[in-house]
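Q: next come a sequence and a model predicted from it.
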Amino acid sequence: MAMENFLRKAREAREFLTPVLKNSKFLNEGILTPEEFVKAGDNLVYKCPTWRWESGDPRHRKPYLPENKQYLCTRGVPCRARVSVMEAEYAKT
């Protein structure tokens, strides 16, 4: 429990000390502004149907992101074990 509290406080301190970017640093440092993150996420969701936006727990939402676009989640991606089973079944036909 003490370690969890320590890590939570460390994350809070990091977020407090790190300002939200207003200007892009993507080309030089690989860091996205919130607007770039949302735009890139929209593109990912559009092109890859396994990805979708999530709103998450309201207590953990960031005010600089839209409520319904707090983080990206992917589901239904074949794992290596399922792929081998699918390949074996396909080989039978």
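A: Sure thing, it's come through. Residues are numbered from 1 along each chain as shown.

Q: what about residue 53, neighbour count?
A: Using other Cβ atoms under 10 Å, residue 53 has 18 other residues around it. Every C-beta, even on glycine, is put in place using the N, C-alpha and C of the backbone.

Q: next: residue 88.
A: As a burial measure, residue 88 scores 9 neighbours (other Cβ under 10 Å).

Q: just the element for it, please.
A: helix 80-92 (DSSP states H and E).

Q: mind listing residues that contact that helix?
A: residue 78 (Cβ atoms under 8 Å, 6 or more residues apart in numbering).

Q: centre of the chain to it, how far?
A: 29 Å (Cα atoms, centre = their mean, to the nearest Å).

Q: and what of stretch 73-92?
A: With Cα atoms, centre = their mean, you get 23 Å for stretch 73-92.

Q: avg pLDDT for that stretch?
A: Here stretch 73-92 scores 80 as its mean pLDDT.

Q: do stretch 45-60 as well
A: For stretch 45-60, mean pLDDT rounds to 94.

Q: can you pull up the most central residue in this structure?
A: residue 72 (3.8 Å; Cα atoms, centre = their mean).

Q: tell me the SS of that residue?
A: strand (DSSP: H, G, I helix; E, B strand; the rest coil).

Q: ok so, going back, can I get the helix holding residue 88 as CSV, trimmed to CA atoms?
A: Output of helix 80-92 as CSV, limited to C-alpha atoms (Å, rounded to 0.1, in the frame of the first residue of the first chain):
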residue,chain,number,x,y,z
ARG,A,80,0.0,-15.9,-31.4
ALA,A,81,-1.7,-19.0,-29.9
ARG,A,82,-5.0,-18.2,-31.6
VAL,A,83,-3.3,-17.5,-34.9
SER,A,84,-1.6,-21.0,-34.9
VAL,A,85,-5.0,-22.6,-34.2
MET,A,86,-6.6,-20.6,-37.0
GLU,A,87,-3.8,-21.5,-39.4
ALA,A,88,-4.2,-25.2,-38.5
GLU,A,89,-7.9,-25.1,-39.1
TYR,A,90,-7.4,-23.3,-42.4
ALA,A,91,-4.8,-26.0,-43.5
LYS,A,92,-7.4,-28.7,-42.9
